[in-house]
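Student: After the sequence you'll find the predicted model.
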Amino acid sequence: MFTDIDDTLTEGGAIDPPALAALQALHAAGVPVIAITGRPLGWSRELAATWPLRAVAAENGAVALLREADGWRTVYAQDEATRRANTPRLQAAAARVLREVPGATLAQDSAGRVTDIAIDHSEFSHLPPAAIDEVVRVMREEGMHCSVSSIHINGWFGEHDKWSGACWMLRTLFGRELAAEVGRWVYVGDSTNDQAMFGRFALSVGVANLMRFAAELHTWPAYLTQGERGAGFAEVAERLLQARRG
C-alpha cells in the first residue's frame, strides 16, 4: 500500500488517531505501507521513528528511509555529485521566488530539506491562487520540476517524482517492478499533486478532503472515501483488511 502523508494521514501536521490505528492494524496483518511525500528528509526521520511504515520516500521521490532490522537506512535517487551541484541552484531559485513573489515564504520544514525547496501556501502562511501560479512559473523558468500539495509548492531538479519514488521503493525493498503489478497496490492521496498517482493506480483512493480541490482536478481517483484525512485512510485500510480476510 502506498500513501501520501499530509492531510491524508495527518491533520494540522500531526498524525490523525484513526490513521495511526489503521497503520498499526496493517502492520500487524503484514501489509507493507510505503509513504510517498513531499515532506523533507529531516521531518520524515522523526515520523519514521514512531509510525509503523515499511519505508518513506521523501522530497517527492528524491530520498528515502528504509526500515531495516537495526534501524533506518537513508538512500538517495541522485548521486552525491549531482546533489552537491544542485545545492546552489536550489538556493538561487528559492531566493528568486522570495524576491519576485510578494508574500512568498519558505516552508518551516525547509531546514530538513536536502534535494528541493518548498514554499508555504497553506500550512503556516497563505498564498492566493494567483501567487501560487507565480511561484510555479518562477520555478519552471529556473528549470525545476514542481508540484503543489495541500500545503506547499515544491520545486526540484531531476526527473524523479512520486511515481518514480514508488517504483524505486518496490524495487529496492522487494526486487519487483511496480509497473508489472500495479493492479495489486493501492494508492491513497488528498491533493492535486496526487493526480499522476491517481492516473497510474487502478486502485487509487482520494480521502474526502480531496474535494476542496475539485475545481482544479483533471485526474480523479477511482474511489473517494466518506471520511476526511485519517478517518478516510482508516476506511481504506479496513476494506483492504476485510478483503484479505476473505
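Tutor: Sure, I can see it.
Student: Look up the closest residue to residue 105, ignoring the ones flanking it.
Tutor: residue 125 (5.0 Å; Cβ to Cβ, 6 or more residues apart in numbering). Yep, even glycine has a C-beta here, placed from its N, CA and C like the rest.
Student: what separates that neighbour from residue 93, distance-wise?
Tutor: From residue 125 over to residue 93 the distance is 18 Å, taken as Cβ to Cβ, to the nearest Å.
Student: what about these two, which has more around it?
Tutor: Neighbours were counted for residue 125 and for residue 93 using other Cβ atoms under 10 Å; residue 93 has more, 23 against 15.
Student: and that one, that one's in a helix?
Tutor: Yes: counting by DSSP: H, G, I helix; E, B strand; the rest coil, residue 93 is found in a helix.
Student: What's the separation between it and residue 24?
Tutor: 40 Å.
Student: mind listing the strands for this protein?
Tutor: 2-3, 10-11, 14-15, 34-36, 55-58, 63-68, 71-76, 116-120, 145-148, 152-156, 186-189, 203-206, 223-224 (DSSP state E).
Student: who touches the residue positioned nearest the centre of the chain in this structure?
Tutor: Nearest to the mean C-alpha position of the chain, counting by Cα atoms, centre = their mean, stands residue 37 at 1.8 Å. With contacts defined as Cβ atoms under 8 Å, 6 or more residues apart in numbering, residue 37 is in contact with 4-6, 44, 56-60.
Student: and if you look at residue 117?
Tutor: Here residue 117 is in contact with 90, 93-94, 97, 106, 110, 154-156 (Cβ under 8 Å, 6+ apart).
Student: Can you report how many residues lie near residue 169?
Tutor: 24.
Student: Can you verify my assumption that it contacts residue 34?
Tutor: Yes: using Cβ atoms under 8 Å, residue 169 makes contact with residue 34 at a distance of 5.1 Å.
Student: Touching both of those two, which residues are there?
Tutor: 55, 57.
Student: Output the strands of the chain in CSV, with mean pLDDT appended to each entry.
Tutor: What follows is the strands of the chain, written out as CSV (pLDDT from 0 to 100):
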stretch, mean pLDDT
strand 2-3, 98
strand 10-11, 94
strand 14-15, 92
strand 34-36, 98
strand 55-58, 97
strand 63-68, 95
strand 71-76, 94
strand 116-120, 98
strand 145-148, 96
strand 152-156, 98
strand 186-189, 98
strand 203-206, 98
strand 223-224, 98
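Student: any chance of these in CSV, with distance to residue 244 too?
Tutor: Below are these laid out as CSV (distance: least, Cβ to Cβ, whole Å):
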stretch, distance to residue 244
strand 2-3, 17
strand 10-11, 25
strand 14-15, 23
strand 34-36, 17
strand 55-58, 20
strand 63-68, 21
strand 71-76, 27
strand 116-120, 36
strand 145-148, 32
strand 152-156, 34
strand 186-189, 12
strand 203-206, 14
strand 223-224, 17
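Student: which stretch among those strands comes nearest residue 165?
Tutor: Across the strands of the chain, the minimum distance to residue 165, taken as Cβ to Cβ, is reached by strand 55-58, at 3.7 Å.
Student: Please name the strands paired to the closest one in the sheet, noting orientation.
Tutor: strand 34-36 (parallel), strand 63-68 (antiparallel) (DSSP bridges).
Student: nearest to residue 242, of the strands of the chain?
Tutor: That would be, of the strands of the chain and by Cβ to Cβ, strand 186-189, which comes in at 13.1 Å.
Student: list the helices and strands the closest one packs on?
Tutor: strand 2-3, helix 195-200, strand 203-206, helix 229-245 (3 or more Cβ pairs under 8 Å, 6 or more residues apart in numbering; DSSP states H and E).
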